[in-house]
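Chemist: Next come a sequence and a model predicted from it.
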There are 2 protein chains.
Amino acid sequence: MSRKALPKGGRTKQKRLSPDDRRKEFVAKATEFFSEEGFGGATRDLARRLGVTQPLLYRYFPSKDDLIKEVYRTVYLEPFDTAWDRLLADRSRPLRSRLKEFYSAYTKVIFTRKWLRIYFYSGLKGLDINRWYVGMVGDTILTRIVRECWHEAGRPARGKPTAAELEMAWVFHSGIFYYGVRKYIYESPVLEDKEQMISDAVDAFLAGFQQVFAAAATQRTPEKLPV
Amino acid sequence: MSRKALPKGGRTKQKRLSPDDRRKEFVAKATEFFSEEGFGGATRDLARRLGVTQPLLYRYFPSKDDLIKEVYRTVYLEPFDTAWDRLLADRSRPLRSRLKEFYSAYTKVIFTRKWLRIYFYSGLKGLDINRWYVGMVGDTILTRIVRECWHEAGRPARGKPTAAELEMAWVFHSGIFYYGVRKYIYESPVLEDKEQMISDAVDAFLAGFQQVFAAAATQRTPEKLPV
DNA sequence: GCCCTTGTTTATCGCTTGATCACTAGTTAT
DNA sequence: ATAACTAGTGATCAAGCGATAAACAAGGGC
């Protein structure tokens, strides 16, 4: 695919973008479109939104499904930031502070109507990419968080978190995640101050995690805590 | 292909139900159907699943949308149990125990593939019924939980929970809720023992809530806790 | 100027959809 | 039996869908 060099002159007219950029433009608009209409949205409507005719889409994408696949790619892969794991693992700072900063950044990326809706549409479609995403969150972010909790509690780093520990991190993570769902999908009133929500959730999680796992020390029998 | 009438003798077949029952049967199967296919599912496919022809649906429901509305009704209204609020408010038992029992019962109802999928399909469609449901959870269940937390902490019952308190209950509630989403929508591996997940989540919530609100006593400035 | 390549539209095909109507089969009442 | 009523079907319509092919428009290099 030879990308043609852009014309030298200051072309302010947006006509005739490079094929690659035009394609990207299509995918970007398609993401917006499908996030509103669902993947059942008609290609004709999408084309109208793009200001072109419907058959043109088929010059850039072999089929509607291929277009949708590219939409997934840009939604799921693009925003993912590898710096996040470094942030969470940076033991020169207190874990509480790391967690707050991480969730502040993470939610800045995924708390958009577009992202969340695409996420659920693909989830309901039963796509592998969704399971992949969930697995990835568990294996990287949450595993890291549990590990840092161990370290904070002065316990030696074992291999992998137990299922119960990971589940607790999931409950915490999901609680924050669902704030975005309530706000951007249900458009239901939420605490306006997102940062405070995160701050409170992190504080509660750290206290709760310690209560449930650290306090009960090395071994823990279910229902051991005071009823 | 006309189906020949079966011989009358030994008719165990359930043909000719009462019109009302037949209608209910249709709605029940339609709920299953739409929960899998989404509301874009074709009426012909639904009819095939019912073992009847497609035009027959229109004898029972004026339009597809009307059928869908009835599906909502049975999904959202039927399972709701008013005894839940009494359970949460029963101060003869420790709050910890009440919460665990409530979430055990609540999740027993909504943690099904059918319920959760219909819930999200309607949520993405932007239906009022979904906002109503979210509002109802906040106004009854979560408000009640916060109030009981006050009482448990020995604080006088004020009027309505603050937005921050309610938000914290939401994060807790959503964390549990999302366990079901991960399990039944994403079909991703979760902690097998649901009761332990609930137990841990409740323990963590109670510890966390106290930490964030009770410990900080009457007034609380954001970011006051040790960073 | 010309041609060749690429971007875009017009027209259309084949199929599926929700919905309607005229008709048949099955049950009940007389 | 037979009339009357209702449950259910077959055929079909108009609209909308994804996709294709052929015609048309617009550069860019020579």
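Modeler: Nice, I can see it.
Chemist: What's the separation between residue A:51 and residue A:67?
Modeler: From residue A:51 across to residue A:67, the span is 17 Å (Cβ to Cβ, to the nearest Å). In short, each C-beta sits where N, CA and C put it, glycine included.
Chemist: Counting by contacts, list what the longest helix seen in chain A packs against.
Modeler: Longest helix in chain A by number of residues (criterion: DSSP state H): helix A:163-184. Helices and strands touching helix A:163-184, by 3 or more Cβ pairs under 8 Å, 6 or more residues apart in numbering or on different chains; DSSP states H and E, are helix A:95-110, helix A:113-124, helix A:143-152, helix A:194-209, helix B:163-180, helix B:194-209.
Chemist: ok, residues contacting the last one?
Modeler: Under the contact criterion Cβ atoms under 8 Å, 6 or more residues apart in numbering or on different chains, helix B:194-209 has outside partners A:164, A:167-168, A:171-172, A:203-212, A:222-223, A:225, B:95-96, B:99-100, B:103-104, B:107, B:111, B:149, B:152, B:168-169, B:172, B:175-176, B:179, B:190-191.
Chemist: Compute the inter-axis angle for that helix and helix A:163-184.
Modeler: With axes from the mean of the first three to the mean of the last three Cα atoms, to 10 degrees as the basis, helix B:194-209 and helix A:163-184 are set at 70 degrees to each other.
Chemist: Show me what counts as buried in helix B:194-209.
Modeler: Neighbour-count burial for helix B:194-209, with 16 or more other Cβ atoms under 10 Å in any protein chain shown as criterion, is recorded at B:194, B:196-209.
Chemist: Pull out the buried members of the contacts of helix B:194-209.
Modeler: Using 16+ other Cβ under 10 Å as the burial test, those include A:164, A:167-168, A:171-172, A:203-212, A:225, B:95-96, B:99-100, B:103, B:107, B:111, B:149, B:152, B:168-169, B:172, B:175-176, B:179, B:190-191 as buried.
Chemist: Show me what from chain A comes close to DNA strand D.
Modeler: Within chain A, the positions near DNA strand D by Cβ under 7 Å from any atom of the strand are A:7, A:15-16, A:41-45, A:54-55, A:58, A:62-65.
Chemist: What residues sit buried inside the helix-or-strand element of chain A with minimal mean pLDDT?
Modeler: Among the helices and strands of chain A, helix A:128-136 carries the lowest confidence by mean pLDDT, DSSP states H and E, at a mean of 91. Judged by neighbour count using 16+ other Cβ under 10 Å, the buried positions of helix A:128-136 are A:129-131, A:133-134.
Chemist: Pull up the per-residue confidence for residue A:222.
Modeler: Residue A:222 is assigned a predicted lDDT (pLDDT) of 49.
Chemist: Domain parsing of chain A, as residue ranges.
Modeler: A:19-75, A:79-214 (automatic domain parsing).
Chemist: Can you say which of these is packed in most?
Modeler: The highest mean neighbour count among the domains of chain A, using mean count of other Cβ atoms under 10 Å in any protein chain shown, belongs to domain A:79-214: a mean of 18.
Chemist: circling back to that earlier point, hmm, who's touching the least confident helix or strand of chain A?
Modeler: Outside helix A:128-136, the residues that reach it (Cβ under 8 Å, 6+ apart) are A:72, A:76, A:119, A:122-123, B:182, B:186-188.
Chemist: Also stretch A:56-64?
Modeler: Stretch A:56-64 is contacted by residues A:22-23, A:26, A:43, A:46-47, A:67, A:70 when judged by Cβ under 8 Å, 6+ apart.
Chemist: which ones are touching residue A:180?
Modeler: Contact partners of residue A:180, counting by Cβ under 8 Å, 6+ apart, are A:107, A:110-111, A:116.
Chemist: Of these, which fall within the contact range of DNA strand C?
Modeler: Counting by Cβ under 7 Å from any atom of the strand, nothing from the contacts of residue A:180 sits close to DNA strand C.
Chemist: Which of those lies at the shortest distance from chain B?
Modeler: residue A:116 (9.7 Å; Cβ to the nearest Cβ).
Chemist: In contact with the closest one, which residues are there?
Modeler: Residue A:116 makes contacts with A:110, A:180-181, A:184-185, as judged by Cβ under 8 Å, 6+ apart.
Chemist: now it, nearest residue through space, not along the chain?
Modeler: residue A:184 (5.1 Å; Cβ to Cβ, 6 or more residues apart in numbering or on different chains).
Chemist: ditto for residue A:72
Modeler: Nearest to residue A:72 is residue A:129, by Cβ to Cβ, 6+ apart, at 5.3 Å.
Chemist: So the one you found versus residue A:105, what's the distance?
Modeler: 22 Å.
Chemist: Equivalent analysis for residue A:202, please.
Modeler: Distance, residue A:202 to residue A:105, using Cβ to Cβ: 13 Å.
Chemist: try residue A:131
Modeler: 24 Å.
Chemist: sorry, back to before: compute the inter-axis angle for the least confident helix or strand of chain A and helix A:163-184.
Modeler: With the same axes, to 10 degrees applied, the angle from helix A:128-136 to helix A:163-184 works out at 120 degrees.
Chemist: list the contacts for the spatially most central residue of chain A?
Modeler: In chain A, the centroid-proximal residue (Cα atoms, centre = their mean) is residue A:110; its distance is 4.7 Å. Residue A:110 makes contact with A:79, A:116, A:119, A:177, A:180, according to Cβ under 8 Å, 6+ apart.
Chemist: Perfect, that will be all.
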